[in-house]
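In: One predicted model, sequence on top.
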Amino acid sequence: MVKNQAPSFTSPWEIQRFLSAIPYNSKEECKSPKRVLAERNAHCFEGALFAASRLRELGYPPLLMDLRAWNEDDHVIALFKERGRWGAVAKSNFTTLRFREPVYRTLRELAMSYFDFYFNTLGQKTLRAYSRPLKLSRFDEKNWTETEDDLEYIGDAFSKLPYYELLDAEQVARLVEVDGDLLKAGLMGSNPAGLYVPEAE
């Protein structure tokens, strides 16, 4: 296959397999889906944009959701819905924060499916909230799928959306660290240069 030739995707899972196969991008940039395809690497947000663009080609609206974290990077996922149930495609440096089957009745359920698997390198569980979906169609005039320009402005748009807390203060205070085996599994194959450096308590 020619390097920048577009793969043919027929399902959300095939999009996920492509994202999981390419290296994690540790650079502070935000490439368009076209550039992700050409350069064959992506970080979380770039992967979500790429997935949303390909999901759109399959007939799904291009939607992103931000998972807000404490003492760790946020995680952006591309949403899709089948038979009234939500699923997600995602690129992550952690093996546990990627694809979700479309079996979740609400976005809160989908967000909570990441909870026990969303942790930093210290083993702290870090997921705290999720955003309302961001509709990427509002950026179509800026040609977000094909542009050579940086797309950081799309990420900035999350700041104008409401977020919904997943835990209260008492629940946060009672959280335990993740099991060591799960921590190792989550970090398997990760790019160390792209890992958030958490602050020790």
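Out: Thanks, I have it.
In: Now do the helices in the protein.
Out: Taking DSSP state H to define them, one finds helices in the chain at 12-21, 33-39, 44-57, 107-112, 152-156, 169-173, 180-187.
In: Contacts for the fourth one, please.
Out: The one in question is helix 107-112. Residues outside helix 107-112 that contact it (C-beta atoms under 8 Å, 6 or more residues apart in numbering): 65, 67, 79, 86-88, 100, 104, 127, 130, 133, 164, 166. (Each C-beta comes from the backbone N, C-alpha and C, glycine too.)
In: Which one of these is nearest to Thr10?
Out: Closest approach to Thr10 among the contacts of helix 107-112 (C-beta to C-beta): Gly87, at 15.4 Å.
In: Who is that closest one paired with across the strands?
Out: Counting by DSSP bridges, Gly87 forms beta bridges with Phe80.
In: What of Tyr24?
Out: Applying DSSP bridges, one finds that Tyr24 bridges with Ala42.
In: Show me where this protein dips below the pLDDT cut-off.
Out: Scanning the chain with the threshold set as pLDDT under 70 gives 1-5.
In: Could you rerun that using 50?
Out: For the chain, applying pLDDT under 50 flags the ranges 1-2.
In: Now for Arg174, how many residues are close by?
Out: 8 (other C-beta atoms under 10 Å).
In: OK, contacts around the closest residue to Ala78 other than its chain neighbours?
Out: Closest residue in space to Ala78, ignoring its immediate chain neighbours: Ala51 at 3.6 Å, by C-beta to C-beta, 6 or more residues apart in numbering. For Ala51, the contact set (C-beta under 8 Å, 6+ apart) comprises 12, 15-16, 19, 78, 89-91.
In: Recalculate using a threshold of 7 Å.
Out: By C-beta atoms under 7 Å, 6 or more residues apart in numbering, Ala51 lies in contact with 15, 19, 78, 89.
In: which other residues reach stretch 9-18?
Out: Residues outside stretch 9-18 that contact it (C-beta under 7 Å, 6+ apart): 7, 51, 54-55, 58, 80, 87, 89, 98-99.
In: one more time with 8 Å
Out: Residues from elsewhere that reach stretch 9-18 (C-beta under 8 Å, 6+ apart): 7, 50-51, 54-55, 57-58, 60, 80, 87, 89-90, 98-99, 102.
In: which among the residues you listed end up buried?
Out: Buried by 16 or more other C-beta atoms under 10 Å: 50-51, 54-55, 60, 80, 87, 89-90, 98-99, 102, out of the contacts of stretch 9-18.
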